[in-house]
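Asker: using only what follows, build the 3D model:
(one chain, ligands or ions: 2)
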Amino acid sequence: MNTVKIFDTTLRDGEQSPGASMTREEKVRIARQLERLRVDVIEAGFPAASQGDFEAVEAVARIVRESTICGLARAQEKDIRRVAEALEPAASRRIHTFIATSPLHMERKLRMTPEQVLAHAVDAVTLARQFTDDVEFSCEDAVRSDPDFMCRVIEAAIKAGARTINIPDTVGYAIPFQYGELIRDLMTRIPNAGLAVFSVHCHNDLGLAVANSLAAVLAGARQVECTINGLGERAGNAALEEVVMALKTRRDVFQVETRIDTTQIVAASRLVSTITGFPVQPNKAVVGANAFAHESGIHQDGVLKHRETYEIMRAEEVGWKANKLVLGKHSGRNAFKTRLAELGILLESETALNAAFQRFKSLADKKHEIFDEDLQALVSEDQLDNPRDHYGLIALMAHSETGEAPRARLVLSLGGVEKVTEAEGSGPVDAAFKAVERVVKSGAELQLYSVNNITSGTESQGEVTVRLAREGRIVNGMGADTDIVVASARAYLNALNKLEARVDRVNPQV
Ligand code: KIV
Ligand code: ZN
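Answerer: Ligands and ions are numbered 1, 2, ... in the order given. Reported below is the predicted structural model:
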């Protein structure tokens with residue numbers, strides 16, 4: 001029991017972050033990277049939420065071979081059957097079923113008595129066991145639940161066949177020492193606790209998700225549920241990279257191991273950030289751009305003399321490396337395809353590959369050195385240029401000159417019809433957005449506009465994130481180009497396409 005399982009829920013809880021919803025292809029790309037990272041379990045989604053979620057879980061189950069694939073189900077028959085169906089192609093599958101056990105959730109949300117909740121839990125686990133031996137049961141809002149009642153529910157769930165018991169801090173309310181005590185208490189008091197692995201799932205509302213998860217490991221938990229970059233509902237979940245590196249760096253304290261290949265951490269972080277449009281703050285532990293940068297002279301001097309004076313981990317250990325030149329102007333289609341495959345990107349059709357290769361060629365004309373990060377952006381951009389998209393960018397001309405009002409002129413495709421539009425703005429990006437709005441009239445509110453360099457240097461591609469909100473719905477759009485105005489227009493149109501392609505999905509916790 002000296003191994004802690006890493007259960008990644010980026011594709012399920014992570015996707016519940018407002019604006020972070022992913023397409024099936026995006027989920028498959030992230031799942032492949034999670035497999036390379038060697039996570040034990042990938043929670044790929046909540047199949048009952050929508051047909052799209054079902055198909056995404058099924059696609060991940062078909063492709064990933066080295067990690068167990070898990071699907072979430074409320075403690076309801078139709079949810080469980082849907083998960084079982086979606087997981088059919090998996091090499092190794094897990095059904096994760098949950099029901100709330102706190103008085104507040106039982107009374108106000110479920111409108112059930114504790115006895116009804118207990119009966120639902122047992123029925124759900126019993127049904128799930130008909131499809132797989134690997135069943136996980138969660139007491140939603142465990143931290144605000146009565147421990148005596150949880151002992152009864154968990155004992156019954158284990159008796160019904162659950163082999164992983166998860167104790168979520170659903171609302172991020174726990175404090176590390178209390179949470180550790182709760183885990184220890186449950187593991188000691190429940191007579192059949194030894195038949196199950198105890199798992200933790202912490203939200204970050206008080207910024208304590210990682211600390212709580214680690215306290216639980218010290219108390220005996222042997223599975224941690226987490227997400228890349230700490231993505232997740234509200235303030236997010238425990239960040240995988242922080243949990244894993246804390247366990248590794250302070251092995252002297254925790255005395256446990258994980259299976260994770262830590263050199264894949266930065267690549268996973270970048271991929272999730274690119275796909276969701278959630279930038280990683282520069283001072284973010286482990287994966288932030290400044291995580292291994294030393295600014296002050298004293299620190300620089302110390303690190304040059306002896307690295308360990310100011311560094312507790314090596315940058316290479318988590319996958320930071322100098323930008324590696326991979327391809328250039330003269331690289332052929334085969335080299336391009338091979339490098340994409342090495343990055344785990346398999347384009348579904350020859351047409352998609354040809355389109356991506358054309359984009360690569362025109363990028364190589366503008367930018368002489370192409371790095372892995374450029375390819376990642378180029379391909380996600382390529383997948384964003386979906387034939388089903390309503391809005392597309394055909395051409396853009398921006399003019400800015402000191403003393404003159406900046407102007408932008410765009411040729412757009414609106415449902416297959418070409419439209420020319422122009423506007424002035426406070427800068428060329430503002431002018432481009434105003435020009436788009438002049439014809440689209442989306443009524444959406446721009447909540448966030450951010451630009452990041454994909455690699456270093458002024459020749460680099462800029463990656464733009466645009467967040468739009470309309471009628472309570474929030475979406476993130478992404479665009480990348482060496483020209484920031486073009487990248488911005490693409491990001492804006494990408495967000496509008498997401499608003500347009502409205503998919504109704506259920507949130508498991510609502
Ligand atoms: O936060 C939570 O309680 C959850 C459960 C569904 C595990 O996400
Ligand atoms: Zn959660």
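
Asker: what about the residue in the chain sticking out farthest from the centre, which SS state?
Answerer: Relative to the centre of the chain, the most outlying C-alpha is that of Gly403, 43.9 Å out, by CA atoms, centre = their mean. At Gly403 the chain is in coil, as set by DSSP: H, G, I helix; E, B strand; the rest coil.

Asker: does any bit of the helix or strand encompassing Met150 sit next to ligand 1?
Answerer: Using DSSP states H and E, Met150 falls within helix 147-160. No. Using CB under 6 Å from any ligand atom, helix 147-160 never reaches ligand 1; the gap is at least 13.2 Å. C-beta here means a position set from N, CA and C on the backbone, and glycine is covered the same way.

Asker: next one: stretch 164-182
Answerer: Yes. Against ligand 1, stretch 164-182 shows contacts by CB under 6 Å from any ligand atom at 166, 168, 170.

Asker: still on that earlier bit, quickly note the distance from the residue farthest from the centre of the chain to ligand 1.
Answerer: According to CB to the nearest ligand atom, to the nearest Å, Gly403 stands 55 Å off from ligand 1.

Asker: for that residue, give me the pLDDT.
Answerer: On the pLDDT scale, Gly403 is placed at 93.

Asker: torsion angles phi and psi at it?
Answerer: Main-chain dihedrals, Gly403, degrees, to the nearest 10: phi 90, psi -10.

Asker: relative to Glu424, how far out is it?
Answerer: Noted for Gly403: a distance of 14 Å to Glu424, by CB to CB, to the nearest Å.

Asker: common neighbours of those two, please.
Answerer: Listed contacts common to Gly403 and Glu424 are nil; contacts here mean CB atoms under 8 Å, 6 or more residues apart in numbering.

Asker: returning to that earlier point: can you lay out the residues of stretch 164-182 next to ligand 1 as CSV showing neighbour count and pLDDT?
Answerer: Below are the residues of stretch 164-182 next to ligand 1 laid out as CSV (neighbours: other CB atoms under 10 Å; pLDDT from 0 to 100):
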residue, neighbour count, pLDDT
Asn166, 24, 98
Pro168, 24, 98
Thr170, 24, 98
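
Asker: ok, the closest residue to Met245 other than its chain neighbours - contacts?
Answerer: Of all residues not flanking Met245 in the chain, Val286 sits nearest, at 5.3 Å (CB to CB, 6 or more residues apart in numbering). Remark: with contacts taken as CB under 8 Å, 6+ apart, Val286 is in contact with 239, 241-242, 245, 265, 269, 313, 318.

Asker: I'd like to know how far Val286 sits from Val244.
Answerer: Counting by CB to CB, the gap from Val286 to Val244 is 9 Å.

Asker: now Asn507
Answerer: Per CB to CB, Asn507 is found 28 Å from Val244.

Asker: check Asp483 too.
Answerer: The gap separating Asp483 from Val244 is 38 Å, by CB to CB.

Asker: neighbour count winner among the two?
Answerer: Neighbours were counted for Asp483 and for Val244 using other CB atoms under 10 Å; Val244 has more, 24 against 15.

Asker: can you name the residues of the protein that neighbour ligand 1?
Answerer: 13, 98, 138, 140, 166, 168, 170, 201, 203, 508.

Asker: who wins on neighbours among these?
Answerer: The most crowded member of those, judged by other CB under 10 Å, is His201 (29 neighbours).

Asker: surely Arg307 and Ala315 touch.
Answerer: No. Arg307 is not in contact with Ala315 according to CB atoms under 8 Å; the separation is 9.7 Å.

Asker: thanks again, I'm all set now.
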